[in-house]
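# the following block contains a protein sequence and its predicted model.
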Amino acid sequence: MIGDSTMKNGSGRGDRNQWGWGSFFDWFFDTSRISVENYALGGRSSRTFYTEGLWDKVLSGIKKGDYLFVQFGHNDGGPLNTGRARASLKGIGNQSETVIMERHSGPEEVFTFGHYLRIYVRQAKARGANVILLSHTPGNSWTGNRMNRNDETYGLWTKQIAQEENVPYIDLNDITARKFEAMGQDATAAYFMDRVHTTFEGAIINCKSAIEGLEQLKDYPLNEYILKSALNRDYKAAAKPLYRDRVYDGAADPVVIWNKEEQRWFMFYTNRRANLKQTNGVDWVHGTPIGIAESTDGGATWTYRADAKINYGDKNYTYWAPDVIEDGGKYHMFLTVVPGIFTDWQHEREIVHFVSTNLIDWTFDSKANLISDKVIDASVVKAPNGMWRMYYNNERDNKSIYYSESKDLKNWTNYGKAIFDRRGEGPKVFQWKGRYFMVVDNWDGLGIYSSDDMKNWKRQKNNLLQGGGSGPDDGTQGQHCDVVVNNGRAYLFYFTHPGRQGAGAREDNPDTRRSTLHVVELQFRNGEIFCERDKPVYINLK
């Protein structure tokens, strides 16, 4: 996708809530078979996207069979300048039409709007790509009860180029304008930040219009990947923060699983006692129960359900970092257990196996015989060899990630380190995009490893969720996560300590201790995983 700010991936930063429709284009496709790469950038015209070298970067990655969506026009109507240069030349022109402009650095040749569209079409087609041209989105500008169109200027010229170059054309301008006209001018104002840029909800309308325009292209090959049901959904962004525990205000270490009997999602979490009035060392992270939240809307909102009923040890035992899986009609929990409430981090921990039929009442099954007497953060997954594999943090070895295997989830064979490059905790292994991935909390965001065989792991360069985002309670690094792969999409659930910012970040008080849960959708490009934590997350787990 190439275009301007009305198409680009939005940031939603601060109170502006500005979004481009390309941010959500992949919501309407089977993303196990289609990936969307959005290179649209704010302030760019058809000309400056080319002259600034942006097009060369896009073109270098285009390959046979790709689809290129092109939307320009918003920034093509102003005067030429040395900043975000808008092209004042209009019309479709031809390759020979140039104007010599005197610039600060000397004369420069400037071509018409149509010239640059032809470049995009012809060069992409030369690489075997399929090109779709779109008229640009309508602005919140009206004449009477009619939203103004661009059907005599950029929409017309884009359509003419499409006809001449024999590529599809989508009149995004008209399709969207008709929707806003049906609402009425007063109602439409809520979908715009200004006369051009849209809110989250406005961008969804523009995006649906683009998909509908695509569907109007009869027998177009890309349409087989469209999720028909997606057009009829009411799109709701996940809550931000996703969840804040009402009992102790210390939700952390989430793990999400489907409750088959109740037909809803459960989220288990460590419930640190963050709101204690008086603490001694780190006793507030001990003596903790495991909380359960539930969601009936596919993971967009969560409410407290109960504490998990785990009858193990005495009343002061500490429970941390559950991992919950389903196998053979039963649910299995692998739980870090600390035998008491302590003021420091030096005491033994073990990983204990429990079973349940309802996800609330848990019965002791066995202790996992692992590599040391100080292990935490189990993550259990089926390995390629058919065995169950448990990844965990061996704190006796400088907090390194180890693994063990089992046939029956009871008896474990230990195999030592899984990764060797650095320390970490909270490993989570999942399969996606034809590969295995491991996420590890490195206390500086989340490290990502990939593997073909779940044995040889390669670390990607960039961590996820370093620093902080701009959303409520999301201004600090993301920590200890779970990943749910569902309908071809991958969602990462994580926690933050929102009060640990600024001069008082190291103080010990309820605000710096508290933690909240969040969700972000993972994206995959060029073999690596990334995410945009400030982007609203539409999550509708099946």
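Received the coordinates, thanks. Since this is a predicted model, take the numbers as computed values, not measurements. Numbers count the residues shown, from 1 in each chain.
# tell me the pLDDT at the residue lying closest to residue 142 once chain neighbours are set aside?
With CB to CB, 6 or more residues apart in numbering as the measure, residue 185 is the residue that lies nearest to residue 142, at 5.2 Å, once sequence neighbours are left out. C-beta coordinates here come from the backbone N, C-alpha and C atoms, glycine included. Note for residue 185: predicted pLDDT of 95.
# just give the number of residues close to residue 185.
Residue 185 is flanked by 15 other residues according to other CB atoms under 10 Å.
# so what's it up against?
142, 145, 147 (CB atoms under 8 Å, 6 or more residues apart in numbering).
# any chance of these in CSV, with distance to residue 375, secondary structure and pLDDT too?
Formatted as CSV, those follow (distance: CB to CB, whole Å; DSSP: H, G, I helix; E, B strand; the rest coil; pLDDT from 0 to 100):
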residue, distance to residue 375, secondary structure, pLDDT
142, 65, strand, 96
145, 68, coil, 94
147, 62, strand, 97
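# run through this structure and note the low-pLDDT ranges.
10-16, 78-110, 235 (pLDDT under 70).
# can you rerun that using 80?
Low-confidence segments of the chain, defined by pLDDT under 80: 9-17, 32, 77-111, 229-237, 487-488, 542.
# please, where are all the helices along it?
Here the chain has its helices, by DSSP state H, at 48-51, 54-61, 113-126, 154-165, 172-183, 185-188, 200-215, 510-513.
# winner for burial among the ones you listed?
Of all these, helix 200-215 carries the top mean neighbour count, a mean of 22, counting by mean count of other CB atoms under 10 Å.
# what's the end-to-end length of stretch 131-148?
Stretch 131-148 has its terminal residues 27 Å apart, counting by CA to CA, to the nearest Å.
# buried subset of the contacts of residue 185?
For the contacts of residue 185, burial is judged from neighbour counts taken by 16 or more other CB atoms under 10 Å, and it is met by 142, 147.
# wait, which of the contacts of residue 185 is closest to residue 443?
Nearest to residue 443 out of those is residue 147 (CB to CB; 51.1 Å).
# number of nearby residues for residue 508?
Counted with other CB under 10 Å, residues neighbouring residue 508 total 11.
# next: residue 64.
Residue 64 has 8 nearby residues by other CB under 10 Å.
# hang on, it packs against residue 126?
No. In this structure, residue 64 is not within contact of residue 126 by CB atoms under 8 Å, at 10.4 Å.
# distance check, the residue nearest to residue 142 against residue 28.
27 Å (CB to CB, to the nearest Å).
# repeat that for residue 435.
25 Å.
# neighbour-wise, which of these two wins?
Counted by other CB under 10 Å, residue 435 and residue 28 do not tie: residue 28 has more neighbours, with 24 against 15.
# what sits against the more buried one?
207-208, 211, 226-227, 230-231.
# likewise residue 389?
Per CB under 8 Å, 6+ apart, neighbours of residue 389: 380-383, 403-405, 429, 454.
# restricted to buried residues, select those in ChimeraX.
Those of those that count as buried under 16+ other CB under 10 Å are selected in ChimeraX with:
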select :380,381,383,403,404,405,429,454
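# would you turn the contacts of residue 389 into CSV with distance to residue 33?
Supplementary listing: the contacts of residue 389 in CSV, determined by distance: CB to CB, whole Å:
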residue, distance to residue 33
380, 29
381, 24
382, 24
383, 26
403, 32
404, 35
405, 33
429, 24
454, 24
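# closest one of the contacts of residue 389 to residue 284?
Using CB to CB, the contacts of residue 389 come closest to residue 284 at residue 380, 28.0 Å.
# from residue 3, how far off is the closest one?
Counting by CB to CB, the gap from residue 380 to residue 3 is 45 Å.
# my guess is residue 402 contacts residue 419. True?
No. Look at residue 402 against residue 419 with CB under 8 Å: they stay out of range, at 9.4 Å.
# hmm, residue 296 is touching residue 262, no?
No. In this structure, residue 296 is not within contact of residue 262 by CB under 8 Å, at 9.1 Å.
# could you find the closest non-adjacent residue to residue 128?
residue 64 (3.0 Å).
# residue 463 now?
Nearest to residue 463 is residue 445, by CB to CB, 6+ apart, at 3.5 Å.
# surely that neighbour is in contact with residue 466?
Yes. Residue 445 is within contact range of residue 466, at 3.4 Å (criterion: CB under 8 Å).
# which neighbours do those two share?
residue 477.
# between these two, which one's more packed in?
Using other CB under 10 Å, the more surrounded residue of residue 445 and residue 466 is residue 445, with 17 against 13.
# roughly how far does that one sit from residue 312?
33 Å.
# what do you get for residue 231?
49 Å.
# equivalent analysis for residue 364, please.
Residue 364 is 5 Å from residue 312, by CB to CB.
# can you list residues touching both of those two?
With CB under 8 Å, 6+ apart as the test, residue 364 and residue 312 both reach 352, 354.
# grab the nearest non-local neighbour of residue 533.
residue 469 (4.1 Å).
# next up, the contacts around the one you found.
Per CB under 8 Å, 6+ apart, neighbours of residue 469: 475, 533-534.
# could you do residue 159 as well?
133, 135, 169, 171.
# 7 Å instead, please
Neighbouring residues of residue 159 by CB atoms under 7 Å, 6 or more residues apart in numbering: residue 169.
# then residue 155?
So residue 155 contacts 135, 149, 171, 173 (CB under 7 Å, 6+ apart).
# same check on residue 6?
20-21, 74, 136-137, 196-198.
# the same query, at a cut-off of 8 Å, please.
By CB under 8 Å, 6+ apart, the residues touching residue 6 are 20-21, 71, 74, 136-137, 196-198, 206.
# among those, which are in strands?
residue 71 (DSSP state E).
# filter the contacts of residue 6 down to the buried ones.
20-21, 71, 74, 136-137, 196-198, 206.
# redo these as TSV? Include distance to residue 523.
Below are those laid out as TSV (distance: CB to CB, whole Å):
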residue	distance to residue 523
20	16
21	17
71	21
74	25
136	25
137	23
196	26
197	23
198	21
206	20
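# closest to residue 40 among these?
Distances from residue 40 to those, taken by CB to CB, are shortest for residue 20, at 6.3 Å.
# residues in contact with the closest residue to that closest one other than its chain neighbours?
Nearest in space to residue 20, with sequence neighbours left out and distances taken as CB to CB, 6+ apart, is residue 8 at 4.2 Å. Residue 8 makes contacts with 20, 22-23, 38, 40-42, as judged by CB under 8 Å, 6+ apart.
# now, among the residues you listed, which is nearest to residue 425?
Of the contacts of residue 8, the one sitting nearest to residue 425 (CB to CB) turns out to be residue 23, at 32.4 Å.
# surely the closest one and residue 17 touch.
No. With contact defined as CB under 8 Å, residue 23 does not reach residue 17; the gap is 12.0 Å.
# tell me how many other residues surround the residue lying closest to residue 250 once chain neighbours are set aside.
Nearest non-adjacent residue to residue 250, counting by CB to CB, 6+ apart: residue 272, 3.1 Å away. Around residue 272 sit 27 other residues, with neighbours defined as other CB under 10 Å.
# isn't residue 272 right next to residue 515, touching?
Yes. Residue 272 lies in contact with residue 515 (CB under 8 Å); the separation is 6.7 Å.
# anything in contact with each of these two?
Joint contacts of residue 272 and residue 515 (CB under 8 Å, 6+ apart) are 250-252.
# could I get those residues in TSV, plus columns for distance to residue 462?
Below are the shared contacts of residue 272 and residue 515 laid out as TSV (distance: CB to CB, whole Å):
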residue	distance to residue 462
250	29
251	27
252	24
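# mind putting these into a markdown table with neighbour count and distance to residue 439?
Formatted as a markdown table, those follow (neighbours: other CB atoms under 10 Å; distance: CB to CB, whole Å):
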| residue | neighbour count | distance to residue 439 |
| --- | --- | --- |
| 250 | 26 | 22 |
| 251 | 28 | 18 |
| 252 | 26 | 15 |
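# who's in contact with residue 310?
289-290, 319, 333, 335, 354, 362.
# mind running it again at 10 Å?
Contact analysis of residue 310 by CB atoms under 10 Å, 6 or more residues apart in numbering lists 289-290, 317, 319, 322, 333, 335, 337, 352, 354, 356, 360-364.
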